[in-house]
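# with the input below, show me the fold.
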Amino acid sequence: MTRAVCPGSFDPVTNGHLDIFRRAAGLFDELVVATGTNQSKSRLFDPDERLEMLRAVCADLPNVTVMGFTGLIVDFCREIDAQAIVKGLRGGNDYEYELPMAQMNSHLTGVETVFVPTNAALGYVSSSLVKEVASLGGDVSALVPPSVHDRLVARLAER
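Below is the predicted model:
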């Protein structure tokens, strides 16, 4: 059985992420969507909220599970016996950022990284941009799943 991990902060999960999850789920027997804790980044949603949103949007994908992790992604991969890490690429900048990490991960544990190019229609979508546009009153409803949009709007209204 092949198991892959698709890691990220998913703050919040976008339709671009969901596209990568769906496509990666077709490539592996099991896909684990894993949200990590990175102390250097400030998040809009806490880890439990991100896990809840991920579980809701992945509920229709039978071979996808959602888990949280701390520490190195390769250690998490070892713990759950995952053979690959899946990363979505929007463009050249993502590749430049992700390639050294993929090489380090392979060096540390032999876990390979599989790059999946983003659907061209969603190539401009990022969690950061979604949050910025939404915080300024822009309509991001086409960029995130409806349940995520509701939570995003509510959270931003609290601020």
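# hang on, residue 88 in a helix?
No. Per DSSP: H, G, I helix; E, B strand; the rest coil, residue 88 lies outside any helix segment and is strand.
# and the nearest residue to it once chain neighbours are set aside, what does it touch?
Counting by CB to CB, 6 or more residues apart in numbering, the nearest residue to residue 88 once its immediate chain neighbours are dropped is residue 20, at 3.9 Å. Glycine gets a C-beta too; all of them are placed from N, C-alpha and C. With contact taken as CB atoms under 8 Å, 6 or more residues apart in numbering, residue 20 is in contact with 6, 86, 88, 116, 118.
# who's the second one bridged to?
Looking back up the chat, that one is residue 86. residue 114 (DSSP bridges).
# burial check on residue 19, number of neighbours?
When neighbours are counted by other CB atoms under 10 Å, residue 19 registers 17.
# check which helices and strands the longest helix seen in the chain sits against.
In the chain, ranked by residue count with DSSP state H as the criterion, the top helix is helix 92-109. Counting contacts by 3 or more CB pairs under 8 Å, 6 or more residues apart in numbering; DSSP states H and E, helix 92-109 packs against helix 73-80, strand 84-89, strand 112-117.
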